[in-house]
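# Next one to model:
(2 chains)
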Amino acid sequence: MRRREFALLMGPSLLVMLGLLVVPLVRTIQWSFQKVEYGSPGDFIGLSNYSQALSDPRLGRAVLFTLLLTVIVTATILVLGYLIATGMNGLGKLRPYILGAMLVAYVLPNIVGAVSFSWLFDQNFGGAVNYVIQALTGQNILWFTETWPNRIMVMAHTVWHLLPFSMLMILAGLQGVPKELREAAIIDGASGRKTHFYVIIPTIRGILGFVCLITIMDVLRTFDNLIPLSPQADAIGNESIMLYVFDTAFRDGSAQLGLGSAINVLAILLILVCLFPFIRGLLKEAKAKA
Amino acid sequence: MRFHKHLRTGAAALAVVASLAGVTACGAGSRSGAQDATAVACDYTMPTADTTVNVLAYNSSAIDPFTNTMVKSCTREKVTLKHDPIDFGGQVTKTTATLAGGSGSYDILETYGFVVPGFAAKGNIEPLDDYVAKYADKYKLNALSKQMRSSMSYDGKLYGLPMQAQMYVLAYRKDVFDSLGLKPPTTFAEMIDAAKAIQAKGEIKYPIALPLNATADITTNYQAAMNSNGKDFLDSSGKPQFASDESRKALEGMKSLLPYMDPQVTTFDQPKVQQQMFNGTAAMAIMFSGRMNDLTLPANTKLADKFAFAAPPAVEGSAPYLYSRLSVDGWSIPKNTKLDKDLLFQMMAASVSEDASKASVPAAYPAREGMVSDDSSKYAAAANATIGKSMPTPGSPSAAPVTNAIRPIVVQVITGQLDIEAGMQQMQSIAEKTIAGS
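Take a look at the predicted model:
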């Protein structure tokens, strides 16, 4: 009976996962060894797609930019998320309202948020940030065509979009820290800073690991926000791996599905490598708790 | 417990915001076939079974009148036409996907002269000559421009029923030009002289606006500059022309305008160029004619009555053509549609009928001759002056893949990351490889 219930409950999810995850993954791996266009069965060409992808300097630039974005955004989100969650934890009745307002950035479709965000830096559409910077420094920053200003803008948008979710998770973790632990730390004479570093953070390290995992996964898949934020991403070295895949496989009627699939497989391997320490840590923790 | 309470409140706020966002998104694009679309006769033989006709056409003020007319006029009894809003990039991707394989998702496709040869050479779209012959009288199809029909043809056969064309038009601030005693420029050199005079006046820092976004925009402009000098990316035999003198002059001409344009011009698409004109931060812009109507609407800008229009300049005084591209849009029938192609053709023909074409002016420049006189709109005379002086370009199945392949190099040349000579050689080599591999 329990087996039947299990099968009934899990069956639909497994079917969806099979259809939407396993089949596309298998097809992607298969296509990565083929020259394939839409609607055609594809011809086996061995490792040609991989050698073409790996010899393209554009892939190297895309990997470097994506990793840089991931490291900086994840670190910023962890620090800011922890600080804001700590402040939020001390709030009273205002907390749900501020929480709700902050989550707007997260629930907005990424492309919509990115377009609005880009207008802050675009003089054609107001460019509020430009206006302030020009008033203060007299400088006109080329946010869309200079590499580093553009990177800063993309990073700022990614943090703005992902921070609310991370902050919410950390806040949940902070709510779960036993009061007795904090009181014991105070009685033992620990300063506020030491309480955070030696009591609270170790207690919620599981949550922090989870936030890292989710953030890394999200940032490694950066794609649609670059379309309004970095219109000439490739030319200034700010193209993400996923944008490169889209450009190769789909954009402007391109039909290099084999090459696009090979880049995708390489991207999946990279994501697994980046996530390995976190997945291992989470599994260890789960085992210990069991 | 407290956290759960707060979480519930937060989640409720989230749900409200998400619902609002959803409602807004739903309102942002609805199935077209607008109520105010022109109704025309669409007299096909009613099929015996319920039939849904899926139409793929990007939304723009120039295309919408034809799409909406088709959907409104041909939907009746057992036949329903469906058209979902989509942008140009989305259309390009979906067209490639739907034409592949034995069955597709769409039955009528919006196509344009640039891609027709590629689809036709692969046998993806249906030749229309027999249908044109059959229905020439009923829908007065002989009045469709020969030049535009030729743009939608490949290997002597018509593959797209032309609906409308776009060509480059120069929009300029008449008040600024008049105050400085300037005339609309007829060459790039005159354009630079005008820009210098406007800059010297001190009100407009970057007088020239061109859509040089690092997408299809930048290659279209490069092609327009080459066309002005009488060459296209590929010659009539399909050989790349990137290492030619005309290519060099085109790149030099484009670069010569850069000091008078916004330094971020390689991120500006046509809507952004329109915005520059709306805001008064540019005094002259060259865009496709389909974008010009927006400049004349007071709802868009306080400067609407200050814009005037002219044919675009030539790159050089001795150039045989203007700095322009003639882009013809039309309707095609995918080979893999399961529906009756005769029925589909009549729907397409109805949408380009005399009444439908008349109603599309001034937003569009219809393929039907005699629809646009010089006083049809503020920019009609400029469009009429341009169309005869735009280079007729040879259609090649390799044009689209070659154009996609050379784009990063064009961007590097225009942004100064690569010098012109090296860029020309690289583009020539890339184009040859692309043609060999396709």
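# from here on, contacts and neighbour counts on C-alpha atoms
Fine.
# Contacts only, for the residue of chain A found nearest chain B.
Here the residue of chain A nearest chain B is A:Gly39; by CA to the nearest CA that distance is 4.1 Å. Contact analysis of A:Gly39 by CA atoms under 8 Å, 6 or more residues apart in numbering or on different chains lists B:Ala97, B:Ala100, B:Gly101, B:Gly102.
# One more: B:Thr267?
Shown in contact with B:Thr267 (CA under 8 Å, 6+ apart): A:Phe144, A:Thr145, A:Pro231, A:Gln232, B:Leu212, B:Asn213, B:Ala214.
# Am I right that the first one falls within a strand?
Okay, so that is A:Phe144. No - counting by DSSP: H, G, I helix; E, B strand; the rest coil, A:Phe144 is not found in a strand; it is coil.
# Secondary structure element for B:Thr52, which one?
Using DSSP states H and E, the element containing B:Thr52 is strand B:51-56.
# any low-confidence regions in chain A?
Counting by pLDDT under 70, chain A shows low-confidence ranges at A:1, A:252-254, A:290.
# In chain B, what residue spans correspond to strands?
B:51-56, B:79-83, B:108-112, B:153-154, B:157-158, B:161-166, B:168-173, B:208-209, B:284-288, B:307-310, B:327-332, B:365-366 (DSSP state E).
# nearest to A:Arg2, of the ones you listed?
strand B:51-56 (46.6 Å; CA to CA).
# follow-up on the earlier one: may I see the strands of chain B organised as TSV, with mean pLDDT, distance to A:Ala7 and mean neighbour count added?
Formatted as TSV, these follow (pLDDT from 0 to 100; distance: least, CA to CA, whole Å; neighbours: other CA atoms under 10 Å in any protein chain shown):
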stretch	mean pLDDT	distance to A:Ala7	mean neighbour count
strand B:51-56	96	39	20
strand B:79-83	95	40	18
strand B:108-112	96	45	24
strand B:153-154	94	57	22
strand B:157-158	96	57	19
strand B:161-166	94	55	29
strand B:168-173	97	63	27
strand B:208-209	98	63	28
strand B:284-288	96	59	25
strand B:307-310	96	69	22
strand B:327-332	95	49	26
strand B:365-366	93	61	30
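# burial count for the residue in chain B that chain A sits nearest to?
The minimum distance from chain B to chain A, using CA to the nearest CA, falls at B:Gly101 (4.1 Å). B:Gly101 is flanked by 15 other residues according to other CA atoms under 10 Å in any protein chain shown.
# Near chain B, which residues of chain A? Just list them.
Counting by CA under 8 Å from any CA of the partner chain, the residues of chain A close to chain B are A:38-40, A:95-97, A:99-101, A:103-104, A:107-108, A:124-125, A:142, A:144-145, A:172, A:175, A:231-232, A:234-235, A:250-255.
# mind listing what residue 182 touches?
Assuming you mean chain A. A:Thr195, A:Val199, A:Ile200.
# oops, I was thinking of chain B
For B:Leu182, the contact set (CA under 8 Å, 6+ apart) comprises B:Ala194.
# Show the pLDDT at it.
Listed pLDDT for B:Leu182 reads 96.
# Next, it: phi, psi?
B:Leu182 adopts backbone torsions of phi -100, psi 150, taken as degrees, to the nearest 10.
# ditto for the one 3 residues further on
For B:Pro185, the backbone dihedrals are phi -70, psi 150 (criterion: degrees, to the nearest 10).
# Look up how far A:Gly192 lies from it.
Separation of B:Pro185 from A:Gly192 (CA to CA, to the nearest Å): 71 Å.
# Could you do A:Leu94 as well?
24 Å.
# Also A:Ala184?
Separation of A:Ala184 from A:Gly192 (CA to CA): 13 Å.
# repeat for B:Arg76
From B:Arg76 over to A:Gly192 the distance is 74 Å, taken as CA to CA.
# residues contacting B:Asp87?
B:Tyr58, B:Asn59.
# residues in the stretch 251-400 of chain B within reach of chain A, list them.
Neighbours of chain A within the stretch 251-400 of chain B, by CA under 8 Å from any CA: B:Pro263, B:Gln264, B:Thr266, B:Thr267, B:Lys272, B:Gln275, B:Gln276, B:Asn279.
# Run through the stretch 1-150 of chain B and note the low-pLDDT ranges.
Residues of the stretch 1-150 of chain B meeting the criterion pLDDT under 70: B:1-35.
# show me where it has helices.
B:2-28, B:64-74, B:88-99, B:116-121, B:129-135, B:146-151 (DSSP state H, counting those that start in this stretch).
# Now do the buried residues in the fifth one.
When neighbours are counted by 16 or more other CA atoms under 10 Å in any protein chain shown, the buried residues of helix B:129-135 are found to be B:Asp129, B:Val132, B:Tyr135.
# Out of those, which comes closest to B:Thr296?
Distance to B:Thr296 across the buried residues of helix B:129-135 (CA to CA) is lowest for B:Val132, with 36.1 Å.
# Spatially nearest residue to that closest one (excluding sequence neighbours)?
B:Leu141 (6.9 Å; CA to CA, 6 or more residues apart in numbering or on different chains).
# contacting residues around stretch B:360-367?
Here stretch B:360-367 makes contact (CA under 8 Å, 6+ apart) with B:61-63, B:65-66, B:144-145, B:148, B:162-166, B:289-290, B:293, B:357-358, B:371-372, B:376-377, B:380.
# what about that stretch, distance to the chain center?
13 Å (CA atoms, centre = their mean, to the nearest Å).
# Kindly report the same for stretch B:113-122.
16 Å.
# Identify all contacting residues around it.
B:125-126, B:151-154, B:159-160, B:327-329, B:395-400.
# what about that stretch, start to end distance?
15 Å.
# Just the ones of the contacts of A:Arg182 in helices?
Using DSSP state H, the members of those that fall in helices are A:Thr195.
# Reformat the contacts of A:Arg182 as CSV; add neighbour count.
Output for those, formatted as CSV (neighbours: other CA atoms under 10 Å in any protein chain shown):
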residue, neighbour count
A:Thr195, 18
A:Val199, 17
A:Ile200, 19
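# possible to save the contacts of A:Arg182 as a markdown table with distance to B:Ile218?
Listed next are the contacts of A:Arg182 as a markdown table, based on distance: CA to CA, whole Å:
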| residue | distance to B:Ile218 |
| --- | --- |
| A:Thr195 | 57 |
| A:Val199 | 57 |
| A:Ile200 | 54 |
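# nearest to A:Arg61, of the contacts of A:Arg182?
A:Arg61 lies nearest to A:Ile200 out of these, by CA to CA, at 38.9 Å.
# Please report the distance of the closest one from A:Ile170.
Distance from A:Ile200 to A:Ile170, counting by CA to CA: 11 Å.
# cool, B:Phe242 as well?
According to CA to CA, B:Phe242 and A:Ile170 sit 57 Å apart.
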